[in-house]
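Engineer: following is a predicted model, sequence given first.
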Amino acid sequence: MELFVAKNSIVRKIWGKSDTVLFIFAGASAEFALNKAVDWLYYTGKLPSDPLGRLFSTVNYARKIVFSPTDQANQAIDFMNNIHLKVEESRGKVIPDWAYRDVLFMLIHYSIAAYELLERKLTNAEKEEVYNVFYRVGLRMELKELPANYIDWLPVRDSHLEENLQKSNFTIDLFHQYKKHLGTIRFYILIGVQKLIVPEIVKKKLFNNNFAPIKPIIKFYKISKLVKMDSVIKNILLPSEYKSEIKQIDIQPRNIIQTKNRNKNNCCGFLIS
């Protein structure tokens, strides 16, 4: 059976840890709020109305791709494409190709950044491996202008950040929704994580300063993992209604998480779920 991602791949290690996955989406939630295509989130209204639910919907799709045989992974990618096409037809507009690339680029960047923040620095070969997995996802989605390798991707990523980010009323409202659904304390923890993981240009557009008081907490959390206390900390910090979903992220690859109230029309939360 051919796997979409090899069993010994660093990508499986990254996407098989709940804390790493949550940090990936902490960063993506900041950057996508600035994206010029963020209005697509407000067309269906599902992500602004339930950002945590859409987070786990997105995690579910990403993990299906990472932990599935190639044919099943391709089916998941094709399903996402079909949902996007239906939304385009409903709105009478086409999602620009650069918007799809931006989401793909976020998954590449934050997969690397989250793992490096919580675990260790990746080698150049491992970064190339991360890029290659999502490059193949992009090819299956028929995206155009994808660089062939990680090194060539870096300047393209920078140009996308320069061209496709702006702070708007959508940005402000989306962060308001994050705070509403997380609560004040968890929201400011989210902000602290975002400051540690997003690119400099994102920090400049979103935040008034780079001060991240959560940095010492991250160090303490990494120590807690060594003594198997990290689950206790996660139980304190994360919403109780999502603890079972979060716990299942650490169970790989058999138990791909199922989000609450999920149906066939739910799709990738950081685009047009």
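Structural biologist: Structure received.

Engineer: any low-confidence regions in this protein?
Structural biologist: Applying pLDDT under 70 to the chain picks out residues 47, 226-239, 241-242, 251-273.

Engineer: let's see that with 50 instead.
Structural biologist: 259-268, 270-273 (pLDDT under 50).

Engineer: tell me how far residue 219 lies from residue 117.
Structural biologist: Using Cβ to Cβ, to the nearest Å, residue 219 is found at 11 Å from residue 117. C-beta here means a position set from N, CA and C on the backbone, and glycine is covered the same way.

Engineer: between these two, which one's more packed in?
Structural biologist: Under the criterion of other Cβ atoms under 10 Å, the comparison of residue 219 against residue 117 puts residue 117 first, with 19 against 10.

Engineer: list the buried residues in the helix or strand containing the more buried one.
Structural biologist: Element membership for residue 117 (DSSP states H and E) is helix 97-118. If you call a residue buried by 16 or more other Cβ atoms under 10 Å, then helix 97-118 has these buried ones: 98-118.

Engineer: stretch 131-140 too?
Structural biologist: In stretch 131-140, counting by 16+ other Cβ under 10 Å, buried: 131, 132, 133, 134, 135, 136, 137, 138, 140.

Engineer: narrow the residues you listed to those in strands?
Structural biologist: Using DSSP state E, no member of these falls in strands.

Engineer: what about residue 78, how many residues nearby?
Structural biologist: Neighbour tally, residue 78, other Cβ under 10 Å: 12.

Engineer: for it, give its distance to residue 37.
Structural biologist: Taken as Cβ to Cβ, the span from residue 78 to residue 37 is 21 Å.

Engineer: OK, contacts around residue 142?
Structural biologist: residue 81 (Cβ atoms under 8 Å, 6 or more residues apart in numbering).

Engineer: tell me the secondary structure of it, please.
Structural biologist: coil (DSSP: H, G, I helix; E, B strand; the rest coil).

Engineer: same deal with residue 121?
Structural biologist: Residue 121 is classified as coil under three-state DSSP.

Engineer: shouldn't residue 95 be within a strand?
Structural biologist: No: counting by three-state DSSP, residue 95 is located in no strand; its state is coil.

Engineer: these two touch, right, it and residue 40?
Structural biologist: Yes: Residue 95 is within contact range of residue 40, at 6.2 Å (criterion: Cβ atoms under 8 Å).

Engineer: run a quick neighbour tally on residue 200.
Structural biologist: Neighbour tally, residue 200, other Cβ under 10 Å: 9.

Engineer: sorry, back to before: more neighbours: residue 95 and residue 40, which one.
Structural biologist: Legend: neighbour count by other Cβ under 10 Å for residue 95 and residue 40, higher for residue 40 (21 against 17).

Engineer: from what I see, residue 202 and residue 161 are in contact.
Structural biologist: Yes: look at residue 202 against residue 161 with Cβ under 8 Å: they come within range, at 7.3 Å.

Engineer: what touches both of those two?
Structural biologist: Common neighbours of residue 202 and residue 161 (Cβ under 8 Å, 6+ apart) do not exist.

Engineer: contact partners for residue 74?
Structural biologist: 4, 140.

Engineer: before we move on, which element is it in?
Structural biologist: helix 70-91.

Engineer: report the inter-axis angle for that helix versus helix 97-118.
Structural biologist: 130 degrees (axes from the mean of the first three to the mean of the last three Cα atoms, to 10 degrees).

Engineer: now do helix 70-91: distance to the chain's middle.
Structural biologist: 18 Å (Cα atoms, centre = their mean, to the nearest Å).

Engineer: can you tell me how far residue 52 is from residue 116?
Structural biologist: Counting by Cβ to Cβ, the gap from residue 52 to residue 116 is 25 Å.

Engineer: I meant residue 221, not that one.
Structural biologist: From residue 221 to residue 116 the distance is 15 Å (Cβ to Cβ).
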